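**Q** I would like the atomic coordinates for the input below:
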Amino acid sequence: MKPLYLALLVSSSAFANDQAHIQLLDRQVSVEVNSPTNAYYDETPIWKILENKGWQAAQAAAENQQISDKLDDEIQYQSTLNSLDQAVQNKQSSTANALLAAHPDWMSCQRIQWMWLDLQNEVATGYGPNAKAKFSNILQSCPEFSLSTTQKLLGWTRAAAGPDILTKYKQSSGFNQAEYDKLAYQVQLSQLGNQRVSSATAKTASKQIQQVKDPKGAELLGWQYLKTKNYPQALSWFDQSINWTETPTRKQIEGKLLSLQGLNKTAEYDRFKSLWSSRYPSLKKLHTGSGSPELAKACETNPQRCLTLLNKEKSLTPQQHALAGWQWYKLDRPLTAKRSFEQALDGMASSDKQYESTQYGYTLALNKSGFEQHAEFLAHKLSDPTQKSLYAKQRESKAILNAYEKQDYQYVINRSEQFEHQYGQDIGLMEIRGWAYYNNKQTTKAVETFQQLVDAYPHDEQYQEALKIADCAQKKSYKMMCF
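**A** Below is the predicted model:
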């Protein structure tokens, strides 16, 4: 028997982003294969080429040679594995599903990379029942890969899936307590960074963070306490995070500044800000009178909350008016956004760093609220090529939407295809094109379009219903029964 080391990603003790990608080199997984002997041809050199240089080099070396079925199958497997890997990473679900369906015999522990890519392809649309079943199958059938599969799955899914994944791993025959504890801690940190946690969870996390003196965990806990306006606890954890770090990051410094701001410790705030502003110049943009400490956080993710906090200010600076304009724009209130941007530009110097981005926001708001000519005039004055391109993209998508409302379906079909060719695929416009096909009696095209959406988002009920409607219309056009 000759060991052939197949390509796999080396598993680490934590699920980092690079852990989530299946590459083609891992010494931890080996598969024993026979090196077939041939009375007329010695395949050993090609097996060595396959092991050391990969399937492409082996395929070239095997050309015009009478190789065994075993070697031919191995070259084909690694070639197809590479194609599947590319399809999964590029989110080409239809291609990936076709490759998986064509080779059900490769669903085995000896071909664990194939099973991993099957699982990764499944979780691309969410950690649903199918993904859970495939994960459980690997845990049960291939206990030697329980840990590495768990690590990879945690890297492919959202933080909310962590507890269920860990529970399944804990119940598997390949369970390892020490590795489980490491993974559980990483999941806990992931939850701290992505959602508001209960006081009990924060208390449990604090004990573990103290034990290992983890600066990242302390920082995440500090942000948790800032969310609940528990400024003393937030300050304590940011201080510990900074003390455990050789060179504190900007986010650690910002967290401490916001905690000091919440405690109204103005003198300490100014001293600490002055100390670190030379290393992190962006800290100079933080102002003690700019609003509550949660303003910056709210404006990133919650436009309504951001506007509520801005409304509490006695008066707004031009920069804050611009900030309000962007929030109104996010809420699809272009006229209100237009007024906010106008107030911002009236009081903002043309030399201000935010002036051009504010003018860009004003141009978008004008176009969206119906002032196309004025918007076009200002768009020509934009000096940033990226902003000009984004404005043109918004203008084009608006024209397509207007055409759909006017029932000019052929225009929608033609221009949306041109739009995707120029700017890339847009899911919203793709759905509109599907309905344009449907209303234009091009039911086959409608079915094909909605099928693409269902393949990409199999758990989206809206796309599933659209496909049913289009499919039914297609059957009726062929005088078939539709249920």
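**Q** so where is the stretch 251-400 of the chain shaky, pLDDT-wise?
**A** Scanning the stretch 251-400 of the chain for pLDDT under 70 picks out 285-294, 372-373, 375-393.
**Q** cutoff 50 now
**A** 288-291 (pLDDT under 50).
**Q** Where do the helices of it begin and end?
**A** Under the criterion DSSP state H, counting those that start in this stretch, the stretch 251-400 of the chain contains helices at 266-276, 295-301, 303-311, 318-330, 334-347, 355-368, 372-379, 385-405.
**Q** Ok, the stretch 51-200 of the chain next?
**A** Under DSSP H, counting those that start in this stretch, the stretch 51-200 of the chain gives helices at 55-62, 69-89, 93-102, 112-123, 129-141, 146-156, 162-170, 177-194, 199-212.
**Q** Need those in CSV (columns: mean neighbour count).
**A** Just so you know, the C-beta spots here come from the backbone N, C-alpha and C atoms, and that holds for glycine as well. Putting the helices of the stretch 51-200 of the chain into CSV (neighbours: other C-beta atoms under 10 Å) gives the following:
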stretch, mean neighbour count
helix 55-62, 17
helix 69-89, 17
helix 93-102, 16
helix 112-123, 23
helix 129-141, 17
helix 146-156, 23
helix 162-170, 17
helix 177-194, 17
helix 199-212, 14
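**Q** can I get these in JSON lines with distance to Ala234?
**A** As requested, those are exported to JSON lines (distance: least, C-beta to C-beta, whole Å):
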{"stretch": "helix 55-62", "distance to Ala234": "54"}
{"stretch": "helix 69-89", "distance to Ala234": "39"}
{"stretch": "helix 93-102", "distance to Ala234": "42"}
{"stretch": "helix 112-123", "distance to Ala234": "34"}
{"stretch": "helix 129-141", "distance to Ala234": "36"}
{"stretch": "helix 146-156", "distance to Ala234": "28"}
{"stretch": "helix 162-170", "distance to Ala234": "24"}
{"stretch": "helix 177-194", "distance to Ala234": "13"}
{"stretch": "helix 199-212", "distance to Ala234": "11"}
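**Q** How is this protein partitioned into domains?
**A** Domain ranges of the chain: 2-153, 196-288, 384-483, per automatic domain parsing.
**Q** next one: the first one to chain centre, how far?
**A** Shown here is domain 2-153, whose average C-alpha point lies 24 Å from the average C-alpha point of the whole chain (C-alpha atoms, centre = their mean, to the nearest Å).
**Q** With the second one instead?
**A** Relative to the chain's own centre, domain 196-288 is displaced by 26 Å; criterion: C-alpha atoms, centre = their mean.
**Q** which non-adjacent residue is nearest Ser190?
**A** Residue nearest to Ser190 in three dimensions, not counting chain neighbours: Ala159, with 4.1 Å by C-beta to C-beta, 6 or more residues apart in numbering.
**Q** Please report how far the one you found lies from Lys297.
**A** Ala159 sits 18 Å away from Lys297, going by C-beta to C-beta, to the nearest Å.
**Q** How about Tyr185?
**A** 25 Å.
**Q** quick revisit: wait, which of the helices of the stretch 251-400 of the chain is closest to Trp116?
**A** Set against Trp116 and scored by C-beta to C-beta, these come closest in helix 295-301, at 32.6 Å.
**Q** For the closest one, name the packing helices and strands.
**A** helix 303-311, helix 318-330 (3 or more C-beta pairs under 8 Å, 6 or more residues apart in numbering; DSSP states H and E).
**Q** ok, and which of those helices has the densest surroundings?
**A** helix 318-330 (a mean of 21; mean count of other C-beta atoms under 10 Å).
**Q** other SSEs contacting that one?
**A** helix 295-301, helix 303-311, helix 334-347, helix 355-368.
**Q** Quick one: work out the angle between that helix and helix 303-311.
**A** On the basis of axes from the mean of the first three to the mean of the last three C-alpha atoms, to 10 degrees, helix 318-330 is oriented at 150 degrees to helix 303-311.
**Q** Leaving out chain neighbours, which residue sits closest to Tyr280?
**A** Per C-beta to C-beta, 6+ apart, closest to Tyr280 is Arg250, 4.4 Å.
**Q** burial of the residue nearest to Leu260 when sequence neighbours are not counted, as a residue count?
**A** Leaving aside its sequence neighbours, Leu260 sits nearest to Tyr269 (C-beta to C-beta, 6+ apart; 4.2 Å). Neighbour count of Tyr269, defined by other C-beta atoms under 10 Å: 20.
**Q** contacting residues around Ala62?
**A** Ile46, Leu71, Asp72, Ile75 (C-beta atoms under 8 Å, 6 or more residues apart in numbering).
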